[in-house]
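J.: Provided below are the primary sequence and the corresponding predicted coordinates.
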Amino acid sequence: MADSSYIVEMHGIHKIFPGVQALSGVDLFIAPGEIHALVGENGAGKSTLIKVLTGVEKPDAGKILLDGAEIAVKSPLHAQELGISTVYQEINLCPNLTVAENILIGHEPRNRWGSIQWKAMNAHAQQALQRLDIAIDVAQPLGTYSVAIQQMVAIARALEISSARVLILDEPTSSLDAHETAQLFQVMRKLKDAGVAIIFITHFLDQVYAVTDRITVLRNGTLVGTYETATLTRLDLIAKMIGRSLTELDEMSKIKRESQKHIHGDVLLQAKGLGLTGAIAPFDLELHAGEVLGVAGLLGSGRTEITHLLFGVDRPDSGSLALAQKEVKRYSPLASIGRGVALCPEDRKAAGIVDDLTVRENIILALQASRGWFKYLGLPQQYEIADRYIALLNIATPSADQPVKNLSGGNQQKVILARWLATNPQVLILDEPTRGIDVGAKAEIQKLVLSLAEEGKACVFISSELEEVLRTSHRIVVLRDREKITEFSSDVGEHTIMQAIAGSEA
């Protein structure tokens, strides 16, 4: 039944994509004049739910009510006409146009001959920003201002063009510093006081507790629940996000990890004060031969950013990195491969497998790149390497010439592992190597990681599943809000790590 106290009601939303149940009976209720956090780990369904609300996707079942009346949102433009606007993480404005043009593009004041009235437009834009307590020259190109100001301009446009009563902010602070984030929060509170309903999507839990009134948690496309922010502890919130009760965590913390104790081999990798502004705060890190170093933290905590620095995808602006006691001067993936470092990326679809190539071609890709195209691997050698790793990793494929896109997710993940093992790396960085694969394949990959450590290789193991990190790692680094918080030895309990992730309250 509709509740007049809510401006938006989403009842029993279902959405199915080919082979994937993205949303299963999800409810969301937003009141006017509230800041409502929508949280959950990667794949929880947050983006899909917002796409349904804004008309990007059509729900397979369920209904949406606006002011108590059922509506069918036909498109994002229709959503704007209904007063529902979204400001995305990546600002989709035109940096070469002025601030005023960006705010009023498509809605410029014109005279009877159709010419733009520039003075009126600038005045109109100035008023729109003044309502947000932003004082800038609206005649200047948008690109001359900071990302924070550009966010404010995007919000001003949403409010001005659609008269938004529901404002969706999708990871708005991901590129902002602490001062800019505080400025955004001031604007959010001002809009809240004016009766605007704000849906705030973020992975920064400190920000959730700093600015929101209620929290809705999604997990694996289902609704976990909606809670008053003031009554939900950080530890409870994290437990709900990852799907463990605090009782379970207490019990699991008593179970000792069965894998071998840490082997104190030579230092293979050492980072001192390594950092990149806007990506990850400076951190120290040591990785020994024969060691699996686990990295724990919520999505957005800086896990992938650390891998990009260690593998040379990004160049740090502070600190130093050494491999086998030799300082790194050249940062690039190709240079890292030459130094004996390998990275299995988080997103195997976007940055891992090459769909149109065969299993064999995918496996030999990194090795061929490291040799250069003038030292071509002959076909007999390619088949020898591919067949060796297909057997070693038990990759289920009819042959090495099978298109990799025809394999299951778990077998595709094994192909990526095979690619990097073929380069004989000394340091192997695994970013979510078991995401989206079945239990059997997960166990095989975890055993492989431990066997590589027994051979004297060093592994960095990143996973959203804390139980998996504990079971596989000898030492565990905890990240929060793009900063290394602490390290633990292998006998730490999951509950202790959860407390470290949760932060000050714990």
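T.: It's in. Residues are numbered from 1 along each chain as shown.

J.: Tell me, how many residues neighbour residue 340?
T.: 19 (other CB atoms under 10 Å). (C-beta placed from N, C-alpha, C; glycine too.)

J.: what's the neighbour count on the closest residue to it other than its chain neighbours?
T.: For residue 340, ignoring the flanking residues on the chain, the nearest one in space by CB to CB, 6 or more residues apart in numbering is residue 426 at 3.9 Å. Residues near residue 426, counting by other CB under 10 Å, number 18.

J.: Which per-residue confidence value corresponds to residue 426?
T.: On the pLDDT scale, residue 426 is placed at 88.

J.: One more: residue 34?
T.: 96.

J.: Could you give the backbone dihedrals for the closest residue to it other than its chain neighbours?
T.: Nearest residue to residue 34, sequence neighbours excluded (CB to CB, 6+ apart): residue 213, at 4.5 Å. Residue 213 adopts backbone torsions of phi -100, psi -40, taken as degrees, to the nearest 10.

J.: Now for residue 213: which residues touch it?
T.: 34-36, 228-229 (CB atoms under 8 Å, 6 or more residues apart in numbering).

J.: now residue 79
T.: Contacts of residue 79 by CB under 8 Å, 6+ apart are 53-55, 73, 85-86.

J.: what about the residue nearest to residue 340, distance to residue 189?
T.: Distance of residue 426 to residue 189, given as CB to CB, to the nearest Å: 51 Å.

J.: With residue 474 instead?
T.: For residue 474, the distance to residue 189 - CB to CB - is 45 Å.

J.: same question, residue 448
T.: 50 Å.

J.: Quick check on the contacts of residue 213: which are buried?
T.: Buried by 16 or more other CB atoms under 10 Å: 34-36, 229, out of the contacts of residue 213.

J.: list the contacts for the residue nearest to residue 340?
T.: Taking CB under 8 Å, 6+ apart as the test, what residue 426 contacts is 268, 289, 324, 340-341, 457-458.

J.: Distance to residue 469 and pLDDT for those - can I get that in CSV?
T.: Shown next, in CSV, are these (distance: CB to CB, whole Å; pLDDT from 0 to 100):
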residue, distance to residue 469, pLDDT
268, 20, 88
289, 20, 89
324, 26, 85
340, 24, 86
341, 21, 89
457, 18, 86
458, 16, 90
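
J.: and residue 21, what is it in contact with?
T.: With CB under 8 Å, 6+ apart, residue 21 has these contacts: 14-15, 221.

J.: Please, where are all the strands along the stretch 101-250 of the chain?
T.: Remark: strands assigned in the stretch 101-250 of the chain by DSSP state E, counting those that start in this stretch are 166-170, 197-201, 214-219, 222-228.

J.: after the lowest-mean-pLDDT helix or strand in the chain, next one along is what?
T.: Using mean pLDDT, DSSP states H and E, the weakest-scoring helix or strand in the chain turns out to be helix 246-252, at a mean of 49. Note on helix 246-252: by DSSP states H and E, the next helix or strand toward the C-terminus is strand 267-276.

J.: how about that following strand as PDB, C-alpha atoms only?
T.: C-alpha atoms of strand 267-276 as PDB (Å, rounded to 0.1, in the frame of the first residue of the first chain):
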ATOM      1  CA  VAL A 267      62.300  -9.400   0.600                       C
ATOM      2  CA  LEU A 268      61.100  -9.500  -3.100                       C
ATOM      3  CA  LEU A 269      59.000  -6.200  -3.100                       C
ATOM      4  CA  GLN A 270      59.300  -3.200  -0.800                       C
ATOM      5  CA  ALA A 271      57.300   0.000  -1.000                       C
ATOM      6  CA  LYS A 272      58.200   3.000   1.200                       C
ATOM      7  CA  GLY A 273      55.800   5.900   1.300                       C
ATOM      8  CA  LEU A 274      54.400   4.900  -2.000                       C
ATOM      9  CA  GLY A 275      51.200   6.800  -3.000                       C
ATOM     10  CA  LEU A 276      49.300   8.700  -5.600                       C
END
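
J.: Show me what counts as buried in it.
T.: Those would be 267-271, 274-276, for strand 267-276 by 16+ other CB under 10 Å.

J.: got the CA positions of stretch 50-67 in CSV?
T.: Provided in CSV are the C-alpha atoms of stretch 50-67 (Å, rounded to 0.1, in the frame of the first residue of the first chain):
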residue,chain,number,x,y,z
ILE,A,50,19.0,3.3,-9.9
LYS,A,51,18.8,2.5,-13.6
VAL,A,52,15.3,1.1,-13.1
LEU,A,53,14.3,4.2,-11.1
THR,A,54,15.6,6.6,-13.8
GLY,A,55,14.2,4.7,-16.8
VAL,A,56,17.5,3.3,-18.2
GLU,A,57,16.2,-0.2,-17.6
LYS,A,58,12.7,-1.5,-17.5
PRO,A,59,11.9,-3.8,-14.5
ASP,A,60,10.7,-7.3,-15.2
ALA,A,61,8.3,-7.1,-12.2
GLY,A,62,7.4,-4.7,-9.4
LYS,A,63,6.1,-1.1,-9.4
ILE,A,64,7.3,2.4,-8.8
LEU,A,65,5.2,5.1,-7.1
LEU,A,66,5.9,8.8,-7.1
ASP,A,67,3.9,10.9,-4.5
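
J.: OK, contacts around residue 137?
T.: residue 99.

J.: can you check residue 407 too?
T.: Contacts of residue 407 (CB under 8 Å, 6+ apart): 359, 395-397, 415.
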